[in-house]
Each structure stands twice: as C-alpha cells, then as structure tokens.
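Q: Okay, structure incoming, though there's no sequence with it:
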C-alpha cells in the first residue's frame with residue numbers, strides 16, 4: 001500500500017501500489033492528487049501545508065485604521081453630489097483622490113476672482129498615520145490663503161482619533177472659503193484679498209456634510 005497526503009488539505013490516503021502515477025481529485029478539498037511512487041515516504045512526499053490563516057489581531061494599528069477609514073469614506077462620499085471619491089491607491093487604501101463640486105476661486109484676473117466649480121484634492125496617509133496628519137494637496141489650481149502648490153494647511157493640530165471623512169469635508173470648506181486663516185497664510189496674495197473682501201465670502205455657502213456625518217458631528 002502507498003500512504004500519502006493531499007497537497008491541498010493534508011488529508012491522508014492509502015491506495016494499492018498499482019495506483020502509482022494515477023491522477024484523482026480529493027473529496028475533501030477538490031485538489032488534484034497524483035499518487036506518488038511507493039518508495040516516496042510521507043516525510044519526503046511533496047505535501048503542501050494548509051495556507052495559514054492571518055490572525056486579525058496581528059494586523060497593524062495603521063492597517064486597521066485604513067480599513068475603517070475606507071469604509072467610512074465610501075459610506076459618506078460614495079455617490080455624493082458635492083464630494084465624491086474619484087479613486088484610491090493601496091491595499092488597504094492609503095491615497096485618496098477626492099472630487100469637489102463646489103464653487104471656489106481658481107485665480108485672480110485683474111483683481112477679480114475667476115471662479116472654478118470643480119476641484120480635485122489628494123489625501124495621502126504617510127507611514128506614521130494616524131499619529132501624524134495625512135499629507136494633503138490640491139491637484140487643480142486654487143486661490144486660497146492656506147493652500148499652495150505643495151500643501152493644504154488643514155490645521156495646526158491633528159488628533160489621531162479624527163475621522164478622515166471630517167478632514168475631507170474640511171478641505172471642501174476651505175475651497176468654498178467657509179474656512180480660512182489670514183494670520184499665517186501659505187498664499188499672501190489670497191490672504192490680502194480675503195481680508196479686503198469679507199462680504200464676498202464664503203464663495204459657496206452650502207452645507208458640505210453628508211447626512212450620515214451630520215448625525216454624529
């Protein structure tokens with residue numbers, strides 16, 4: 001008799017030596033089995049151990065947070081009319097491209113604002129996230145005191161427990177000039193313009209929070 005193990009599930013089989021070289025299918029897991037020669041002992045047979053199951057407890061804090069972030073972001077902005085997810089990168093997602101259908105200012109032309117109705121921002125979770133704030137930048141042109149080509153100044157204080165959904169809304173509020181800070185600007189010209197034209201602000205006064213977020217804010 002030949003004694004051998006299934007390469008898929010490790011189940012043990014005993015068959016006559018005349019079955020050497022025959023092919024069959026394991027009734028337990030469905031794996032293809034080729035009966036080994038009689039002189040190939042269980043210790044030397046090519047037995048593939050079962051695939052280990054990943055213990056959820058071993059997933060890093062960062063990965064667990066990224067998984068939770070993606071779930072919340074999809075629930076909040078999956079089909080949103082004002083804010084929506086264009087695409088994500090990573091598994092789990094650690095880079096988001098967010099589209100904002102909000103009125104903002106693209107630039108000044110002859111000291112008057114040239115408006116833009118659609119904007120795209122990138123939110124990137126770095127290695128130290130959530131202990132450190134995500135890196136945020138605009139991918140479309142914008143004229144705002146707290147935004148330049150390299151960064152969006154989302155605030156001086158980041159709390160690890162802050163929701164990514166709230167950060168996404170905050171960027172939208174900045175685009176709409178619902179939120180701005182002229183005391184420590186990234187764009188001095190925009191800060192001066194905002195200081196001289198307070199009655200023109202906000203550019204877009206709509207509530208940007210999706211209903212599911214408003215209920216828990």
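A: Nice, thanks for sending it over. Just so you know, these numbers come straight off a predicted model, no measurement behind them. Residues are numbered from 1 along each chain as shown.

Q: now the helix or strand harbouring residue 76: how far from the chain's centre is it?
A: In this assignment (DSSP states H and E), residue 76 forms part of helix 61-77. Computed by CA atoms, centre = their mean, to the nearest Å, the chain-centroid distance of helix 61-77 equals 7 Å.

Q: Pairing partners for the following helix or strand past it, with directions?
A: Moving toward the C-terminus from helix 61-77, the next helix or strand (DSSP H and E) is strand 83-89. Applying DSSP bridges, strand 83-89 is found paired with strand 95-100 (antiparallel).

Q: following the strand it pairs with, which helix or strand shows up next?
A: Counting by DSSP H and E, what follows strand 95-100 is strand 104-109.

Q: in that next one, what's buried?
A: Buried positions in strand 104-109, judged by neighbour count with 16 or more other CB atoms under 10 Å: 104, 105. In short, each C-beta sits where N, CA and C put it, glycine included.

Q: Can you classify residue 165 by secondary structure?
A: helix (DSSP: H, G, I helix; E, B strand; the rest coil).

Q: ok, the residue nearest the centre of the chain to residue 123 distance?
A: Compute the mean C-alpha point of the chain, and by CA atoms, centre = their mean the closest residue is residue 93, 2.9 Å away. For residue 93, the distance to residue 123 equals 10 Å [CB to CB, to the nearest Å].

Q: go on, residue 18?
A: 65 Å.

Q: Looking at these two, which is more packed in?
A: Taking other CB atoms under 10 Å, residue 18 and residue 123 do not tie; residue 123 has more neighbours (24 against 10).

Q: what's that one sitting at in phi/psi?
A: phi -120, psi 120 (degrees, to the nearest 10).

Q: Now for it: which residues touch it?
A: 95, 96, 98, 134, 135, 136, 164, 167, 168, 171 (CB atoms under 8 Å, 6 or more residues apart in numbering).
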